[in-house]
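Q: have a look; sequence and predicted model below, questions after that.
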Amino acid sequence: MEIEKRARWDIGGAQMESLLTEIARFKGESLWQDAWRRLKANRASWWALIFLAIFGSIAFIAPVLPLPCPATIDLQLEPQPPIAPWTEFGNENYRADYWDLNALDQGLVNLREAIFGKWQSSNWLGTDAKGRDILSRIIWGSRTSILVAIAATLCSLIIGVSYGAVSGFFGGWVDNLMMRIVDVLYSIPFIFVVIFLITILNTPDPTQEDGGVNREIVFYVVIGAIYWLTMARVVRGQVLSLRKTEFVEAARVIGASSARIVFVHLVPNVLSIVIVYLTLTVPAVMLFEAFLSFLGLGIEPPKVSWGLLAVDGAEVINPVRIYWWLILFPAAAMGSTLLALNILGDGLRDALDPKLRGKD
């Protein structure tokens, strides 16, 4: 009987090599590798990611591009329609009439002037009533929306994830206290908070030379302070479901501190939910920024944002004539960006769903 069992498992060297070759074909995948593979297989989400990468790159290098300055004013009787590139590709009328740029943007503008000199593209998407180029204003305005989205994203990651993870891990009265604070903050009408902060903190002080707090900084801080609340609740719910699992108990047994358990063991296990939520937060932040700028509570001229472009488009709507390029092109840029972000968020949700692993 023992000889028969031994013979049953005895295989030749050629057969063993064949089995090892077949085993080598099957390589294990981590959650992130599997998610990346499934995201690439989702055509809509993959092309949305490519579009956002290209659009974000163009927005970043906007000061280097040979576009007209978005703040250069050339007063006209009415907005000028788009000019086809093959009709007039460019001219030598570039003027650097920018607002106070930061060091990085000023360096990029200097690089643009060194490369292209006074040459600039023509008004391919037309101009507004003040003669400002629409294409340049769309690209420069996207930088503002992206910066606001980044500020809100960082606040959600740093404050929301940490706050929610600590609340969910400790539970009990600590969790109740921290969540009641979130409930109180949720009850505050943030539109009135924005109005209060921008009105009070930005009021010129005769004893100061700078005229008050930077309105743009207040704008970024307030928007960032809003969007971490929902993230804290999302993370708190996930941590509550994980804090009694075996790997957390094992970490306690080996003497891991509470901070290590929260930020080394629990937070990495909720990152998939966090990433999906962030992709859905970014378009909401962009819409909120456009809404506040439309109300005059956001970015101030001569700076430009998508909300200010919406104001310019609304001002020229009249029953006699509609200057369609002032409405169509900014709306198309903003709408396509928000659509791509939502498609990407939907694809990431499917790619990072552990229940769908191995089903494609």
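A: Structure received. Numbering: from 1, shown residues only.
Q: low-scoring stretches of the stretch 1-150 of the chain, by residue?
A: By pLDDT under 70, the low-scoring segments of the stretch 1-150 of the chain are 1-14, 16, 19-20, 22-32.
Q: need the helices for it, in chain order.
A: With DSSP state H, counting those that start in this stretch, the ranges of helices along the stretch 1-150 of the chain come out as 2-9, 13-24, 31-41, 43-60, 103-116, 134-155.
Q: rounded mean pLDDT for whichever helix in the chain runs longest, please.
A: Taking DSSP state H as the criterion, the chain has its longest helix at helix 325-351. Helix 325-351 shows a mean pLDDT of 86.
Q: show me what that helix is packed up against.
A: helix 31-41, helix 43-60, helix 134-155, helix 271-294, helix 306-315 (3 or more CB pairs under 8 Å, 6 or more residues apart in numbering; DSSP states H and E). For the C-beta atoms, the positions are set from N, CA and C on the backbone; glycine is no exception.
Q: go through those helices and pick out the most buried.
A: Comparing the helices and strands packed on helix 325-351 by mean neighbour count (mean count of other CB atoms under 10 Å), helix 134-155 ranks first with a mean of 22.
Q: so after it, what's the next helix or strand?
A: Next helix or strand after helix 134-155 toward the C-terminus (DSSP states H and E): helix 161-170.
Q: so what touches that following helix?
A: Applying CB atoms under 8 Å, 6 or more residues apart in numbering, the external contacts of helix 161-170 come out as 174-175, 178-179, 182, 228, 231-240, 243, 258, 261-263, 266-267, 270, 274.
Q: just the ones of those residues in helices?
A: In this view, the contacts of helix 161-170 that belong to helices under DSSP H are 174-175, 178-179, 182, 228, 231-240, 258, 274.
Q: and those residues, which are buried?
A: For the ones in helices among the contacts of helix 161-170, a burial check counting by 16 or more other CB atoms under 10 Å picks out 175, 178-179, 182, 228, 231-236, 238-239, 274.
Q: surely W36 touches L352?
A: No - between W36 and L352 there is no contact under CB atoms under 8 Å: 10.0 Å.
Q: one step back: would you format the helices of the stretch 1-150 of the chain as TSV with distance to R95 included?
A: Listed next are those as TSV, based on distance: least, CB to CB, whole Å:
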stretch	distance to R95
helix 2-9	84
helix 13-24	64
helix 31-41	44
helix 43-60	22
helix 103-116	11
helix 134-155	12
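Q: and G345, which of those is closest to it?
A: helix 43-60 (8.7 Å; CB to CB).
Q: packing partners for the closest one?
A: Packed next to helix 43-60, using 3+ CB pairs under 8 Å, 6+ apart, are helix 31-41, helix 134-155, helix 325-351.
Q: could you list the low-confidence segments of the stretch 251-360 of the chain?
A: 319, 353-360.
Q: what residues does the residue lying closest to A340 once chain neighbours are set aside make contact with?
A: The spatial neighbour of A340 that comes closest, neighbours along the chain excluded (CB to CB, 6 or more residues apart in numbering), is A48 at 4.1 Å. By CB under 8 Å, 6+ apart, A48 lies in contact with 339-341, 343-344, 347.
Q: and A48, how far from L39?
A: Distance of A48 to L39, computed by CB to CB, to the nearest Å: 10 Å.
Q: now do V174
A: Applying CB to CB, the value for V174 to L39 is 37 Å.
Q: could you do A259 as well?
A: 32 Å.
Q: and P302, by the same measure?
A: 40 Å.
Q: and what of V316?
A: From V316 across to L39, the span is 41 Å (CB to CB).
Q: what would the helices and strands packed on helix 43-60 look like in a markdown table with distance to V282?
A: Output for the helices and strands packed on helix 43-60, formatted as a markdown table (distance: least, CB to CB, whole Å):
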| stretch | distance to V282 |
| --- | --- |
| helix 31-41 | 17 |
| helix 134-155 | 5 |
| helix 325-351 | 5 |
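Q: out of the ones you listed, flag the one nearest N110.
A: Here helix 134-155 is closest among those (CB to CB), at 16.6 Å.
Q: how far out from the middle of the chain is the closest one?
A: Distance, stretch centre to chain centre, for helix 134-155: 9 Å (CA atoms, centre = their mean, to the nearest Å).
Q: then stretch 325-340?
A: Its chain's C-alpha centre and that of stretch 325-340 lie 16 Å apart, by CA atoms, centre = their mean.
Q: same thing with stretch 273-288?
A: With CA atoms, centre = their mean as the basis, stretch 273-288 stands 7 Å off its chain's centre.
Q: next: stretch 284-291.
A: Distance of stretch 284-291 from the chain centroid (CA atoms, centre = their mean) equals 11 Å.
Q: residues in contact with it?
A: By CB under 8 Å, 6+ apart, the residues outside stretch 284-291 that reach it are 144-145, 148-149, 152-153, 223, 226-227, 298, 305-307, 310, 334, 337-338, 341.
Q: make it 10 Å
A: Stretch 284-291 has contacts (CB atoms under 10 Å, 6 or more residues apart in numbering) with 141-142, 144-153, 155-156, 190-191, 194, 219-220, 223-224, 226-227, 230, 297-299, 305-311, 330, 334, 337-338, 341-342.
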